[in-house]
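Novice: Here is the input, now give the coordinates:
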Amino acid sequence: MTEPQDPESSTRRLPTVEHGGALALDQSASAASYDPAPVKEHGGGGAGRFWSARRIPAGLLALVLLGGLGLLLYDVAAVRADHPAMRWRRWLADELARRPLDNVWVLAGAAAAAAIGLWLVVLAATPGLRDVLPMRRDRPGVRAGLDRTAAALALRDRSVEVAGVQSVRVRMGRGKVTVRAVSHFRELDDVRADLDTVLGTGIEELGLAKPPGLSVHVRRPTRKG
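Specialist: Numbers count the residues shown, from 1 in each chain. The predicted structure is shown next:
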């Protein structure tokens, strides 16, 4: 487990300049990153990623195989019934017999077939559904997932409630949450510290099986003109 970094070790409070009795903030940005919070032990087994049904690739592959094998079976049956083979099969047989194995078109066709086969193997061996974050399994037999966009919106709604935050963007990754906020008043370090606390609590309340790390960046609004 890694303890949160000391804000003073990751950011430095820049000096302020006095103008006519008022303090003008010189600091333009404040940022810090934290490791994921430790995962608490819960019953009910592990919470792995959700597997995609892959309906579109499976459907396309099934249609291609069905069409090709059906056409080949029809042609073989026609030859068995003393009918001439289809023109495409005679042409293909002639081309394969005439072209050597190191021919460019033969190599290109083999490479394409190998690439498609590798793609299908990768689809079969990987879970997919990267936009669904698995949640903790507090109850046996129940699996739940949280959409990454919904999680980002929930954290953004918490962020805009912090005093001094003018606008905020939240990018919810599988391993890290990146928050970029714009603050139009208050010290940036203070705003970032409040965001650290609010977002850390928000991430824990999402109930994810593997809480992501947190990276918070706070800056001043861009001056126009």
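Novice: Report the next helix or strand after whatever helix or strand Leu118 lives in in sequence order.
Specialist: For Leu118, the element it lies in under DSSP states H and E is helix 104-125. As assigned by DSSP H and E, the chain's next helix or strand after helix 104-125 is strand 132-134.
Novice: For the helix holding Leu118, which helices and strands make contact with it?
Specialist: Applying 3 or more C-beta pairs under 8 Å, 6 or more residues apart in numbering; DSSP states H and E, one finds that helix 104-125 contacts helix 55-80. Any C-beta I mention is one placed from the backbone N, CA and C, and that applies to glycine too.
Novice: still on that earlier bit, for the helix holding Leu118, report the contacting residues that lie outside it.
Specialist: Residues external to helix 104-125 that are found in contact with it (C-beta atoms under 8 Å, 6 or more residues apart in numbering): 54, 57, 61, 99-100.
Novice: Mind putting those residues into TSV with pLDDT, neighbour count and distance to Arg87?
Specialist: TSV is the format used below for these (pLDDT from 0 to 100; neighbours: other C-beta atoms under 10 Å; distance: C-beta to C-beta, whole Å):
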residue	pLDDT	neighbour count	distance to Arg87
Arg54	76	14	36
Pro57	78	14	31
Leu61	82	14	26
Arg99	83	12	18
Pro100	84	6	24
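Novice: Specify which member of these is nearest to Gln166.
Specialist: Arg54 (43.1 Å; C-beta to C-beta).
Novice: Contact partners for Arg49?
Specialist: 127, 129, 132, 134.
Novice: Which members of those are classed as buried?
Specialist: 132, 134 (16 or more other C-beta atoms under 10 Å).
Novice: Please, where are all the helices along this structure?
Specialist: For the chain, applying DSSP state H gives helices covering 7-10, 55-80, 87-98, 104-125, 148-159, 188-205.
Novice: any idea how far the fifth one is from the chain center?
Specialist: In this case it means helix 148-159. Between the centre of helix 148-159 and the centre of its chain there are 15 Å (C-alpha atoms, centre = their mean, to the nearest Å).
Novice: Could you do the third one as well?
Specialist: For helix 87-98, the distance between its averaged C-alpha position and the chain's averaged C-alpha position is 46 Å (C-alpha atoms, centre = their mean).
Novice: how about low-confidence regions in this structure?
Specialist: Low-confidence segments of the chain (pLDDT under 70): 1-27, 34-47, 225.
Novice: Residues contacting stretch 192-199, please?
Specialist: By C-beta under 8 Å, 6+ apart, the residues outside stretch 192-199 that reach it are 4, 7, 11, 30-32, 34, 155, 158-159, 161-165, 177, 179, 181, 214, 216, 218.
Novice: Put the buried members of these into a PyMOL selection.
Specialist: For the buried members of the contacts of stretch 192-199, the matching PyMOL selection, counting by 16+ other C-beta under 10 Å, is:
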select buried, resi 7+11+30+32+34+155+158+159+162+164+165+177+179+181+214+216+218
